[in-house]
Each structure stands twice: as C-alpha cells, then as structure tokens.
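Enquirer: give me the fold of what follows.
(one chain, ligands or ions: 1)
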Amino acid sequence: MNFRELTVADVPAMFLIRAAAKENPMPLISGLKFLGITVAGEAEKLKTTHKGFICENDGVPIGFVVGDGSTGELWVLSVWPEYEGQGVGRKLMTLAQEWLFTKGWDKLWLTTGIKPSRALTLYQKLGWKIVGTLDHGGSYRMELDKPAASTGPILG
Ligand SMILES: CC(C)(COP(=O)(O)OP(=O)(O)OC[C@H]1O[C@@H](n2cnc3c(N)ncnc32)[C@H](O)[C@@H]1OP(=O)(O)O)[C@@H](O)C(=O)NCCC(=O)NCCS
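Expert: The predicted structure follows:
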C-alpha cells in the first residue's frame with residue numbers, strides 16, 4: 001500500500017471510492033447537487049483550501065481522505081469495501097489530522113451519521129468525541145483536540 005497526497009487528477013477516483021461505500025452511503029446525484037458537490041468543485045477545493053491523501057494498492061486507488069484547512073473540518077473519508085479492515089482508514093485519518101493540526105487548528109471537527117458504523121468506531125478509537133447532533137438528530141458533530149505537545153522525558 002502506498003500513501004501520497006491527493007491531486008486534482010484523483011478527483012474522479014474519489015467519487016468512485018465514495019460511491020462504493022456501504023455505510024454512510026453517498027447521496028444520490030440530486031443530493032450531491034444540493035450539497036454543491038461536483039467534480040469541478042472538489043478540484044477547486046484541492047487547489048485552494050483543502051488537502052487530502054490517497055492510498056493506492058499496486059497503483060490502484062483504494063481509499064482517500066480530505067480535510068478543509070480553512071475550517072478544521074475532516075471533510076471526507078472512504079475506503080473501497082474490499083480493502084476495509086487493513087488499517088487504511090486509520091492511516092488516512094492520521095495523515096489528515098496531522099495536516100489540519102499543522103494549519104494551526106487546536107480542535108478539529110466532522111459530522112457523521114448516528115447509526116453505529118465502522119467510521120464512528122474508528123473516530124472514537126482515534127479520540128474524537130461526540131459533542132452534539134445535527135440534521136434533526138440524524139448526524140453527530142464530533143471534535144478532536146490537538147494532542148498536548150510532548151514535554152520530553154521526565155527527569156528523575
Ligand atoms: C470508515 C472507513 C473509512 C474505515 O476504513 P478501514 O480501512 O476499514 O479502517 P481500518 O482498517 O483502519 O479500521 C479502523 C477501525 O475500524 C473498525 N473495524 C475494522 N474492521 C472492522 C470490522 N470487520 N467490523 C467492524 N469494525 C471494524 C475497527 O474499530 C478498527 O479499529 P482498529 O484500527 O483499532 O482495529 C471505511 O469503513 C469506509 O470507507 N466506510 C464507508 C464510508 C464512511 O462511512 N465514511 C465516513 C463517512 S462520515
């Protein structure tokens with residue numbers, strides 16, 4: 001597995017991977033339009049405020065994550081179903097979190113469906129906390145605090 005930064009050329013692969021997800025499914029085309037999610041729009045985000053990482057297996061994209069550096073939001077995460085459970089999601093989350101913290105955010109946030117899911121379990125294992133509900137109770141808002149800087153070894 002190879003992890004690298006996402007480029008605009010990866011945007012069509014992002015849509016394919018996200019559309020394949022079984023949990024937290026991507027909304028239908030009408031829903032995407034409503035949310036303003038288009039290929040051109042995602043490419044523009046990557047050129048400006050957003051940054052992401054992609055995982056490839058033998059050169060084939062199998063998972064990606066994108067964060068919004070202008071708000072501290074963990075924007076989207078998805079792994080191709082056949083490759084779930086191999087640590088790809090956790091590694092992608094770690095890369096995006098580290099990048100967002102380097103942008104100066106002390107607290108990151110995301111929204112996710114309230115149904116029990118692999119995503120919810122992963123976020124909680126990574127230290128994200130549920131801080132409220134949105135979408136008439138259909139989604140959680142979760143937040144992650146920047147880890148305290150290491151103070152180095154304690155002298156005895
Ligand atoms: C959420 C998602 C990205 C996780 O990706 P992944 O590559 O399977 O994640 P990992 O292999 O790193 O596993 C992360 C955690 O998932 C959970 N998990 C792994 N395999 C699991 C399984 N078979 N059943 C249930 N949970 C499982 C574990 O809690 C695991 O924690 P661990 O790292 O301590 O073992 C992936 O399942 C996915 O794309 N889901 C659909 C899209 C989605 O929900 N995106 C988020 C929208 S808000």
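Enquirer: tell me the contacts of the residue in the chain that the ligand sits nearest to?
Expert: Nearest residue of the chain to the ligand (Cβ to the nearest ligand atom) works out as residue 89 at 2.3 Å. Quick note: C-beta positions are derived from backbone N, CA and C, even for glycine. Shown in contact with residue 89 (Cβ atoms under 8 Å, 6 or more residues apart in numbering): 63, 77, 79, 118, 119, 122.
Enquirer: ok, of the residues you listed, which come out buried?
Expert: For those, a burial check counting by 16 or more other Cβ atoms under 10 Å picks out 63, 77, 79, 119, 122.
Enquirer: can I get the residues you listed in TSV including secondary structure, distance to residue 146 and pLDDT?
Expert: Below are the buried ones among the contacts of residue 89 laid out as TSV (DSSP: H, G, I helix; E, B strand; the rest coil; distance: Cβ to Cβ, whole Å; pLDDT from 0 to 100):
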residue	secondary structure	distance to residue 146	pLDDT
63	strand	24	97
77	strand	19	96
79	strand	25	96
119	helix	21	95
122	helix	19	97
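Enquirer: now name the helix or strand holding the residue of the chain closest to the ligand.
Expert: Applying DSSP states H and E as the criterion places residue 89 in helix 88-102.
Enquirer: in that helix, which residues are buried?
Expert: 88, 89, 91, 92, 93, 95, 96, 97, 99, 100, 101.
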